[in-house]
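Colleague: this is a predicted model, with the sequence first.
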Amino acid sequence: MEKNQTMVTEFILLGFPLSPRIQTLLFGLFSLLYASTLLGNGVILELILLDTRLHTPMYFFLSHLAFVDIAYACNTVPQMLVNLLNPAKPISYAGCMTQTFLFMTFAHTECLFLVVMSYDRYVAICLPLRYSVIMSWRVCTVLVVAAWTGGCLLALFHMNLLLRLPFCGPHEINHFFCEILSVLKLACADTRLNQTLILAGAVFILVVPLCLVLVSYSRILAAILRIQSGKGRKKAFSTCSSHLCVVGLFFGSAIVMYMAPKSRHPEEQQKILFLFYSFVNPILNPLIYSLRNTEVKGALRRLLCKESSSQLV
């Protein structure tokens with residue numbers, strides 16, 4: 001790097017190059033989706049916290065998934081909303097690196113939680129008599145700590161390599177947040193090692209967990225087909241198929257973004273795929289994993305009845 005080059009201290013997020021009118025419409029739409037994400041996952045967290053009937057391993061994992069979705073949305077969406085109103089407003093170097101680290105941490109952790117939850121469903125359906133023994137609270141706590149630790153350590157590994165790179169211009173990131181591959185394009189140094197390790201990390205955190213999830217659900221499907229009751233079989237199949245839809249959207253879009261040849265997926269298309277992470281998955285998770293369950297509906301009714309009765313007193 002030449003001595004007369006100055007280091008970049010802030011970045012401009014280009015976001016979506018659209019007309020001001022369209023950007024205003026997107027601001028309203030994205031604000032509504034953001035509020036829905038916070039509300040849906042917040043309700044799930046409150047219900048699980050307040051209702052002792054939901055203090056089970058399944059809802060313990062769901063509470064952490066809801067927290068991850070809230071944290072993930074809070075990390076990326078507010079900056080995107082600010083850029084829609086003021087595209088020229090920069091983000092500091094430290095703020096950009098922090099956003100990159102948090103994005104990777106939450107994304108990796110969610111991958112691992114989806115594996116943990118699929119294993120929990122496998123034990124519940126295929127080994128119901130041993131469920132309380134296998135999924136003890138000690139085991140559940142270990143699985144949760146392992147998911148958070150694994151997601152954080154993998155993010156730290158990539159950030160350690162990223163922070164060693166010099167950034168000396170340009171300072172415009174063609175994205176709506178500081179996504180690691182978009183940030184790497186601005187480094188004035190060889191980034192092949194970073195890109196290779198990101199691909200290897202994607203195999204470890206995406207392909208391997210996806211295979212584990214598919215193995216769990218294939219065994220669950222085999223167990224469902226052995227259910228004698230047609231009503232019970234239909235209910236179990238409906239639940240598992242919904243879970244698989246969420247898993248397919250999450251892992252499928254991530255694999256396309258980080259493992260498919262980049263020439264086939266222009267940057268504008270990748271931004272749209274990242275919107276799935278920012279809005280679609282965080283909204284679908286509480287709807288499919290929680291709010292469709294009879295137990296959660298019952299907990300919500302009890303909470304609403306308790307609040308209405310307290311107001312009448």
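Modeller: All right, it came through fine. Model, not experiment: these values are computed from the prediction.
Colleague: just to check, residue 282 is in contact with residue 72?
Modeller: Yes - assessed by C-beta atoms under 8 Å, residue 282 is found in contact with residue 72 at 6.4 Å. From N, CA and C alone the C-beta is placed, and that goes for glycine too.
Colleague: neighbour-wise, which of the two wins?
Modeller: The residue with more neighbours, out of residue 282 and residue 72, is residue 282; 27 against 23, by other C-beta atoms under 10 Å.
Colleague: my read is residue 17 is in a helix, agree?
Modeller: No - Residue 17 is assigned coil when assessed by DSSP: H, G, I helix; E, B strand; the rest coil, not a helix.
Colleague: and it, how many neighbours?
Modeller: Counted with other C-beta under 10 Å, residues neighbouring residue 17 total 10.
Colleague: for it, give me phi and psi.
Modeller: Note on residue 17: its backbone torsions stand at phi -80, psi 80 [degrees, to the nearest 10].
Colleague: average pLDDT for the helix or strand where residue 271 lies?
Modeller: Residue 271 belongs to helix 267-275 when assigned by DSSP states H and E. Average pLDDT, helix 267-275: 77.
Colleague: buried stuff in it?
Modeller: 270-271, 274-275 (16 or more other C-beta atoms under 10 Å).
Colleague: dump these to TSV, plus distance to residue 78.
Modeller: Output for the buried residues of helix 267-275, formatted as TSV (distance: C-beta to C-beta, whole Å):
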residue	distance to residue 78
270	21
271	17
274	15
275	15
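Colleague: among those residues, which pair sits farthest apart?
Modeller: For the buried residues of helix 267-275, the maximum inter-member distance is 10.0 Å, found between 270 and 275 (C-beta to C-beta).
Colleague: which stretch of helix or strand covers residue 168?
Modeller: Under DSSP H and E, no helix or strand contains residue 168.
Colleague: hey, where'd the helices end up in this protein?
Modeller: 20-50, 57-85, 93-126, 131-134, 137-163, 180-184, 192-202, 208-225, 230-259, 267-275, 281-285, 294-312 (DSSP state H).
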